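Trainee: Sequence and predicted structure are below.
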Amino acid sequence: MDPMLEAFLSESRDNLETAGKCFLALEDAPNNKDIMDELFRAVHTIKGSSGLFDIHAFTQVVHVAEDILDNAREGALVLDSGHIDTFLDAFDQVNAWLDELENQGSLASSASETAAELIAKLNQIMPVELPSSTTDANNIDDVAIDNSQSYYGELPSWFSKLPQDQRLKAYLALDTNSQLFSIDYTPDAACFFSGDDPLHFVSNLPGLQWFSASSLNPWPDLLALDPFSANLNFQILVTSDNDTLQHHLRYIPEQVEISMLCPSSLINIQGEMGDLGLYEEFCKQAELSVVNGKPDELLRNISTLLSMSGDELYQTQALHWLEALIKHKQTHAQDLGTVELALIRCMLSGELALDEPPIKPEKPNTKEEHGSEDESEALNQQIDNLDADKVDNELLTALLETQVEMLSLSDLDAQDTRLSSVQRILNAALPQALKTSLVAKASFSEKLVACSKAETITIIQSALEKLHNGGIDIDAPEVAPPPLLPSSSASSEEASSTEQQVSASDISSAKDEKTAASKVLRVDQHRIDTLMDLVGELIVAKNALPFLAKKAEEEFDVRPLAKEIKSQYAAINRLSDELQAAVMQIRMVPMSTVFQRFPRLVRDLARKLDKKIKLVLEGEETEADKNVVEELADPLIHLIRNSLDHGLEMPSERVALGKSEQGTITLRAIPKDDQVIIEVCDDGKGIDPNIIKRKAYEKGVIDEERLESISDHEALQLIFAAGFSTAEQVSDLSGRGVGMDVVRTVIQQSGGSVVALSEVGQGSTMRLTLPLSMAVTRVMMLEVSKQLYGISMDNIVETVRVPISEVQGIKRQKAIVLRDRLIPLFDLRTLLEVDDAEQSDELAVLVMHHGDEEIGLVIDEFHEGIDIIQKPLEGVMAGYSFYSGTALLGDGRVLLVLNIPELIACQ
Amino acid sequence: MTKVLVVDDAVTVRMYHREIMEQLGYEVSEAENGIEGLEKSAFSQFDLMIVDVNMPKMDGYRFVTSIREDGHNHSCPVIMVSTEEQLKDKLAAYKVGANYYIVKPAKVDLMQKIANLMVEE
């Protein structure tokens, strides 16, 4: 891909992300200047960079958004949530366009329609009157119009059909601030679908004088006519100032053709010449009246003469114009001038001779500024049209004029440095011939250095004069730029060969850039998965060594060999652990990758539900295995939806309860040993365990006996049972309560667990505990009924041996007291429904976490801990959820890994 | 070797301006904002600076003002580049001491010619 496009894509995506964050932040703090500035800058940068590519639709949308944001930034508009929705939609599309650009290298053909729709929506936000006037930067060359006469466009063909009274009206409407434009407007054929109303648009043009609509193509038969497709062409005449007009047309530059017309072209005098004798006397008189400024006298003469002239005569028409002009000027207290004189003279010559445009477009107060504004636009336009010499000449003129302007503006500090920068430029820019003609004898640069500001300006002005007179043959500096974007090898070679000359700081920064580029390596995930699998195999293979050592010692009685194998094992064990950690590290991604989705989700849902909700993210930087993080997304969406929908109350309810109107959802990640804990907390109404109990009983999830004995905490966990829903109303957000069941299943498949905690009226917390990585699991082996089982080490608290006399019975539940804590006992034999063993005086008890409590698991014998690659059960066995998987042991045996929470739940 | 400093917060635009200047055989340094620009300017003497207006940390106006205050780049020709094409924006640029103002996206041809005129051989 083009490296520049690539840079643009990644830069714009970053900026879009920033913009998205800012919009959300603005909702909480609508007037925050810093956020507004950051937002504006992000959008501004996207727009600026997009101008470098030929993606008109894209640039337009971002440009409109930027315009509006600029208004908001200056306080002309306060963005509310509805506005932000519109913006977010628009930026979603911009994001989609970036993807299109990446995949196809260009925007789809429908982009301009989409853009028009988005712009129409964005425009609804925009305050009616814009304080500023801007044109689409991208189109400046298409629409920029200079004020000088040479830029008057050709008269359009329809111009001759203009009725006389319209011409007069338009002419009189012109003043010092406005010019005459003809616009040829061809609405997009699909414009009705983007909500455009071409007629309305035309009627609202600033300074509209006249327009005529016609069909673009001949109208087809009535049967073939598509009334939804615009087949229109408007011919429009307006008198307006350039900026206002450009501003009005800024979103449809491709649909309009504008040309500025010479105002005098409105004066259209035709007809046969009458008898000159009649008019000679009048003309003499009239000229005197004009020069002496006596309009009343002139008007009297005109009306006398008009009564004697035939309507179709050339002179008569001239007289009508003259009369109207004088009357107009009288009411506006303006002096008569060259136009009137020309009109008078044409009555004798039959030719209207206007040396200058009748109304010179100038703004007396801002004359100087105006010139500079136009010059670069004029230059931009000229560059393409004129021949090279002329351009260089124009360019040099523009550059020199800019320097004068800059010097005359610099009435502040640092005058000397400005002056010397100007002198440097003069020295560089002026051709030698011009220099010698300006400064006789002495070296130009030496002379120049001694010049004051005023003297320098004088030199520039005389240089300008000479340039204009064309007295100097300019041998402009040779500029022969090769076409842009060549294969970058040439320039990069050049760059590298010059690097040695760069100062120390530059070299170090250049190096930094290079190393920064190589710091991130993009690797196909499959390769890492393969690596991870291999590491897994290695760990299993390594586990064979202790068995081998045991065999050497016990079967072959070679103790020294056994010892050696053991020490080798220790080394390999350490290395494989490190290898595993290193590979795991590659796959670690921060939680923020999944957390980032939620601010937008919460915002959208909250608005849909009319609730006020703040989402707080904590511990985003916590890292976990990529698979774990990815698996987490869906369960979290379910949990957050639930909090939004069922947990948090309506604002009015909250206020009635004495809570703040705005509810809070906290999404929190906490690293803990080899696990990561994710909590979704809300401060809503909480879950009432009694309601859960009752519902569970009604739905047959629990029986009457269990209903009596179940603890509140256990009752809460029933929300994760299949087919359980407490929502009194089914909303379109959380569906029918299948969510929690799915959450539990997904989390358990990832080797994690989920617990619900809640306090009625205070809110609830869903706590997910997940392994940092799903690849390698450490399990503890234990023996029951002479069979080996594994239990995930993550949940094991401690192992104790308890005399059987200390076991107490509470209700129907056996329990022990361990360090003042009551720990309920479960017999693994009973749970697994295997044969009872002979009773001993002591029980081996594995104390482990079960949800938020601790339980004791009675087993026969403890064995060592071991790292395994856990494989899920397949086939018919896959249905047994109380086995979380199997693993291969070093000696080839298969180890069944138990899922204790499931096992207890199945009881 | 002619040295040009391109100051702009947009990577894409820096890349574009670098390409334009490198075609002229100029050596290009880049800075992401005014502060970085001042750092670069403190260590090297430049023959031309191409400066964006709207940047974080330190904008183009403040950067050019600082450049004109003192230091060995005080008389360096400066082209300011911005998407704003209004008169007030141009005047603001001239006011702080910029020698030319170009509306973004700058035309390759225009920029190269102006740069060529402004740079001393």
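Mentor: All right, it came through fine.

Trainee: What pLDDT is listed against residue 106?
Mentor: In the absence of a named chain, chain A is used. We have a pLDDT of 80 for residue A:106.

Trainee: I was after chain B.
Mentor: Looking at residue B:106, the pLDDT reads 84.

Trainee: can you check residue A:501 too?
Mentor: At residue A:501, pLDDT is 41.

Trainee: The one helix or strand residue A:18 maps to near chain B anywhere?
Mentor: When secondary structure is defined by DSSP states H and E, residue A:18 falls within helix A:3-28. Yes. For helix A:3-28, a contact with chain B is found by C-beta under 8 Å from any C-beta of the partner chain, at A:3, A:4, A:7, A:8, A:10, A:11, A:12. Using the backbone N, CA and C atoms, a C-beta is placed for each residue, glycine as well.

Trainee: burial count for the first one?
Mentor: Just to be clear, that refers to residue A:3. As a burial measure, residue A:3 scores 12 neighbours (other C-beta atoms under 10 Å in any protein chain shown).

Trainee: so which of the residues of helix A:3-28 next to chain B is the most crowded?
Mentor: Highest neighbour count within these: residue A:12, with 27 neighbours (other C-beta under 10 Å).

Trainee: didn't that one look like it was pressed against residue A:47?
Mentor: No. Assessed by C-beta atoms under 8 Å, residue A:12 is found out of contact with residue A:47, at 9.7 Å.

Trainee: any chance you could map the helices in chain B?
Mentor: Per DSSP state H, chain B carries helices over the ranges B:11-23, B:34-43, B:60-69, B:87-96, B:108-118.

Trainee: want to try a markdown table for those, with mean neighbour count as columns?
Mentor: Shown next, in a markdown table, are these (neighbours: other C-beta atoms under 10 Å in any protein chain shown):
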| stretch | mean neighbour count |
| --- | --- |
| helix B:11-23 | 23 |
| helix B:34-43 | 20 |
| helix B:60-69 | 22 |
| helix B:87-96 | 20 |
| helix B:108-118 | 22 |
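
Trainee: can you put these in JSON lines and add distance to chain A?
Mentor: Converted to JSON lines, those look like this (distance: least, C-beta to the nearest C-beta, whole Å):
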{"stretch": "helix B:11-23", "distance to chain A": "4"}
{"stretch": "helix B:34-43", "distance to chain A": "4"}
{"stretch": "helix B:60-69", "distance to chain A": "4"}
{"stretch": "helix B:87-96", "distance to chain A": "4"}
{"stretch": "helix B:108-118", "distance to chain A": "4"}
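
Trainee: what residue lies at the spatial centre of chain B?
Mentor: residue B:50 (1.5 Å; C-alpha atoms, centre = their mean).

Trainee: and it, what are its bridge partners?
Mentor: residue B:6, residue B:79 (DSSP bridges).

Trainee: contacting residues around it?
Mentor: For residue B:50, the contact set (C-beta atoms under 8 Å, 6 or more residues apart in numbering or on different chains) comprises B:4, B:5, B:6, B:7, B:8, B:17, B:21, B:78, B:79, B:81, B:111, B:115.

Trainee: what do you get for residue A:38?
Mentor: With contact set as C-beta under 8 Å, 6+ apart, residue A:38 has these partners: A:18, A:22, B:56.

Trainee: Off-centre distance for the helix or strand containing it?
Mentor: Taking DSSP H and E as the criterion, residue A:38 maps to helix A:33-50. Centroid separation for helix A:33-50 versus its chain: 9 Å, with C-alpha atoms, centre = their mean, to the nearest Å.

Trainee: send the alpha carbons of the helix or strand bottoming out on mean pLDDT in chain B over as PDB?
Mentor: Within chain B, judged by mean pLDDT, DSSP states H and E, the helix or strand with the poorest mean is helix B:87-96; its value is a mean of 84. What follows is helix B:87-96 as a C-alpha-only set of coordinates in PDB (Å, rounded to 0.1, in the frame of the first residue of the first chain):
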ATOM      1  CA  LEU B  87      -8.100  36.400   5.600                       C
ATOM      2  CA  LYS B  88      -7.800  36.600   9.400                       C
ATOM      3  CA  ASP B  89      -5.800  33.400   9.500                       C
ATOM      4  CA  LYS B  90      -3.400  34.600   6.900                       C
ATOM      5  CA  LEU B  91      -3.000  37.900   8.700                       C
ATOM      6  CA  ALA B  92      -2.400  36.100  12.000                       C
ATOM      7  CA  ALA B  93       0.400  34.200  10.300                       C
ATOM      8  CA  TYR B  94       2.000  37.300   8.900                       C
ATOM      9  CA  LYS B  95       1.600  39.000  12.200                       C
ATOM     10  CA  VAL B  96       3.800  36.500  14.000                       C
END
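
Trainee: could you check the angle helix B:60-69 makes with that helix?
Mentor: Here the directions of helix B:87-96 and helix B:60-69 differ by 20 degrees (axes from the mean of the first three to the mean of the last three C-alpha atoms, to 10 degrees).

Trainee: what's the spacing between helix B:87-96 and its chain's center?
Mentor: So, by C-alpha atoms, centre = their mean, the centroid of helix B:87-96 is 14 Å from its chain's centroid.

Trainee: Tell me the helices and strands packed up against it.
Mentor: On a contact count with 3 or more C-beta pairs under 8 Å, 6 or more residues apart in numbering or on different chains; DSSP states H and E, helix B:87-96 meets helix A:367-385, helix A:388-409, helix B:60-69, strand B:78-82, strand B:100-103.

Trainee: Residue B:119 against residue B:76, yeah?
Mentor: No. In this structure, residue B:119 is not within contact of residue B:76 by C-beta under 8 Å, at 10.1 Å.

Trainee: got any residues that touch both of the two?
Mentor: Common neighbours of residue B:119 and residue B:76 (criterion: C-beta under 8 Å, 6+ apart): B:47, B:48.

Trainee: before we move on, back to that, take the helices of chain B and write them to JSON lines, including distance to residue A:171.
Mentor: Output for these, formatted as JSON lines (distance: least, C-beta to C-beta, whole Å):
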{"stretch": "helix B:11-23", "distance to residue A:171": "46"}
{"stretch": "helix B:34-43", "distance to residue A:171": "51"}
{"stretch": "helix B:60-69", "distance to residue A:171": "43"}
{"stretch": "helix B:87-96", "distance to residue A:171": "28"}
{"stretch": "helix B:108-118", "distance to residue A:171": "37"}
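
Trainee: between those helices, which gets nearest to residue A:252?
Mentor: helix B:87-96 (24.0 Å; C-beta to C-beta).

Trainee: okay, and the helix or strand of chain A with the least pLDDT?
Mentor: Lowest on mean pLDDT, DSSP H and E among the helices and strands of chain A sits helix A:140-143, with a mean of 37.

Trainee: Buried residues, stretch A:683-703. List them.
Mentor: Using 16 or more other C-beta atoms under 10 Å in any protein chain shown as the test for burial, stretch A:683-703 gives A:683-689, A:692-693, A:695-697, A:701-702.

Trainee: Return the distance of it from the chain's centre.
Mentor: 44 Å.

Trainee: Can you pull out the low-pLDDT segments for chain B?
Mentor: B:121 (pLDDT under 70).
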